[in-house]
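Asker: how would this look folded up:
(chains A and B)
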Amino acid sequence: RKEVEQDPGPFNVPEGATVAFNCTYSNSASQSFFWYRQDCRKEPKLLMSVYSSGNEDGRFTAQLNRASQYISLLIRDSKLSDSATYLCVVNMRPGTASKLTFGTGTRLQVTL
Amino acid sequence: NAGVMQNPRHLVRRRGQEARLRCSPMKGHSHVYWYRQLPEEGLKFMVYLQKENIIDESGMPKERFSAEFPKEGPSILRIQQVVRGDSAAYFCASQLDRGNGYTFGSGTRLTVV
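Answerer: Presented below is the predicted three-dimensional model:
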């Protein structure tokens, strides 16, 4: 089983649609969770941290379910500029090392 | 406040040559990470360094690869005797404190011909 697993997509949605991505992680001791966005041939950029109580940033909502070991990202009112690959990221071994483990990403294509 | 600076952006090397990739973290960040991304694949952890110390190199191949983060100057990822399979994007990231997300540099795209 992969440490961080995502559906690779692509998700093709029209502008204005709501789209949700899920991600599962293998290590129940993981403590820090993030969503990153990566545009083609660019560096990953932090989209948002994911907190236990769930959190929202504009059109983006992140949820964490520790019991089921999954994280979700909801994008409302999709824009063309949301087209990118969304990376689920987990700190698998908190403590002395702070290595983040990246999923392979879910590709989103928003169309007119 | 400049972001994470990596250079060069693109690097072409012939098989057997050495590649040196440089990374200057964000001001005030003392944690540096190197990741590799092969075409159409996810980012794979290579090494985690703090000033003058390698903290975790579990993702770095045992041979030909080395990394350092000296007291003065940028972090260096060094690949000796490059092979075609080393062709990838190498991203450096820095972090202010453990538990925070990373800030990535724009990467170095290494092509081995």
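
Asker: What strand or helix carries the residue nearest the centre of chain B?
Answerer: Nearest to the geometric centre of chain B sits B:Trp34, at 3.7 Å (C-alpha atoms, centre = their mean). Assigned by DSSP states H and E, B:Trp34 belongs to strand B:31-37.

Asker: B:Tyr48 now?
Answerer: Using DSSP H and E, the element containing B:Tyr48 is strand B:43-50.

Asker: Flag every buried residue along the very next helix or strand once past that strand.
Answerer: Under the assignment DSSP H and E, the closest C-terminal helix or strand after strand B:43-50 is strand B:53-56. Across strand B:53-56, burial judged by 16 or more other C-beta atoms under 10 Å in any protein chain shown covers B:Ile55, B:Asp56. No exception for glycine: its C-beta is placed from N, CA and C like everyone else's.

Asker: other SSEs contacting strand B:53-56?
Answerer: Under the contact criterion of 3 or more C-beta pairs under 8 Å, 6 or more residues apart in numbering or on different chains; DSSP states H and E, strand B:53-56 touches strand B:43-50.

Asker: Given the strand it packs on, what are its sheet partners and their directions?
Answerer: Partners of strand B:43-50 in the sheet, by DSSP bridges, are strand B:31-37 (antiparallel), strand B:53-56 (antiparallel).

Asker: Run through who's touching that strand.
Answerer: A:44, A:87, A:97-102, B:30-38, B:54-60, B:65, B:67-69, B:75, B:77, B:90-91 (C-beta atoms under 8 Å, 6 or more residues apart in numbering or on different chains).

Asker: how distant is it from the center of its chain?
Answerer: 7 Å (C-alpha atoms, centre = their mean, to the nearest Å).

Asker: Close to chain B: what parts of chain A are there?
Answerer: A:31-32, A:34, A:36, A:41-46, A:49, A:87, A:89, A:91, A:94, A:96-105 (C-beta under 8 Å from any C-beta of the partner chain).

Asker: residues contacting the spatially closest residue to B:His10 that is not a sequence neighbour?
Answerer: Distances taken as C-beta to C-beta, 6 or more residues apart in numbering or on different chains put B:Arg109 closest to B:His10, at 5.0 Å, once the chain neighbours are dropped. Shown in contact with B:Arg109 (C-beta under 8 Å, 6+ apart): B:Arg9, B:His10, B:Leu11, B:Ala88, B:Ala89, B:Tyr90.

Asker: Assign B:Arg109 to helix, strand or coil.
Answerer: Recorded secondary structure, B:Arg109: strand (DSSP: H, G, I helix; E, B strand; the rest coil).

Asker: Straight-line length of stretch B:37-48, end to end?
Answerer: One end of stretch B:37-48 to the other measures 16 Å (C-alpha to C-alpha, to the nearest Å).

Asker: circling back: buried subset of the contacts of B:Arg109?
Answerer: Listed as buried from the contacts of B:Arg109 are B:Leu11, B:Ala88, B:Ala89, B:Tyr90; burial here means 16+ other C-beta under 10 Å.

Asker: Could you verify my assumption that the last one touches B:Leu77?
Answerer: Yes. Using C-beta atoms under 8 Å, B:Tyr90 is in contact with B:Leu77, at 6.3 Å.

Asker: Give me the common contacts of the two.
Answerer: With C-beta under 8 Å, 6+ apart as the test, B:Tyr90 and B:Leu77 both reach B:Leu21, B:Trp34, B:Met46.

Asker: can you give me the strands for chain B?
Answerer: Using DSSP state E, the strands found in chain B span residues B:5-7, B:10-13, B:19-24, B:31-37, B:43-50, B:53-56, B:65-68, B:75-79, B:88-95, B:103-104, B:108-112.
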